[in-house]
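S.K.: everything below, folded, please.
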Amino acid sequence: MPYEWLPTEDPAQSRLHLWPYRSLPRRGFVLFIGATCLLILVPMLSILGSPVLWGILPFFVLAVWGVWAALSRSYRDAEIVEDLTLTRERMTLMRHGPRGRRQGWEANPYWVTVTLHPTGGPVPNYLTLRGEGREVELGAFLSEGERVALRDELAERLARAR
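M.R.: Below you'll find the model as predicted:
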């Protein structure tokens, strides 16, 4: 699962670290770009040594650059990390978004409610935390089943912290 409960020295404290799932790791990215180059070069072998090659070569470079740029943009946009810290006194959520954007939320855990919205949210089984007059989403990038499991785990830890 793309989230984990981090160990803490204090048993009354809980830390949760969430991140989006990566279907294509960095090594796979390199292999995919290499395979794309090879597959595009195979038909170009027939025109090797002719002046037509110089007319097609800019389009080859443009195609490979386009694939590389699209995948790189996807990696940058998915650089989301959410850190949730839960103690008896405070519950803090820090979201580190793409391009260095940060958002924070704090509340007293006694008044925090964990809500799973089966419908009506931007994603099915939308998970939110409500406290101190504000409602924030948690793990919108997780799958439906992961959000359900996380809600149960978070509700259990929240009950222990109270």
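
S.K.: got the CA coordinates for stretch 4-13 in CSV?
M.R.: Extracted C-alpha coordinates of stretch 4-13, given in CSV (Å, rounded to 0.1, in the frame of the first residue of the first chain):
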residue,chain,number,x,y,z
GLU,A,4,2.8,3.4,6.1
TRP,A,5,2.6,4.0,9.8
LEU,A,6,6.0,5.1,10.9
PRO,A,7,7.4,3.9,14.3
THR,A,8,7.6,6.5,17.0
GLU,A,9,9.3,6.6,20.4
ASP,A,10,6.1,7.6,22.2
PRO,A,11,3.3,4.9,22.0
ALA,A,12,0.7,7.6,22.3
GLN,A,13,1.9,9.3,19.1
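
S.K.: which residues touch it?
M.R.: By C-beta atoms under 8 Å, 6 or more residues apart in numbering, the residues outside stretch 4-13 that reach it are S14, R15, L16, H17, T85, L86, T87, R88, E153, R157, R160, A161. (Glycine included, C-beta is placed from N, CA and C.)

S.K.: and what of stretch 112-131?
M.R.: By C-beta under 8 Å, 6+ apart, the residues outside stretch 112-131 that reach it are 91, 93, 105, 107-109, 111, 135-140, 142, 144, 147-148, 150-151, 154-155, 158.

S.K.: over to it now: how far is its first residue from its last?
M.R.: End-to-end distance of stretch 112-131 (C-alpha to C-alpha, to the nearest Å): 5 Å.
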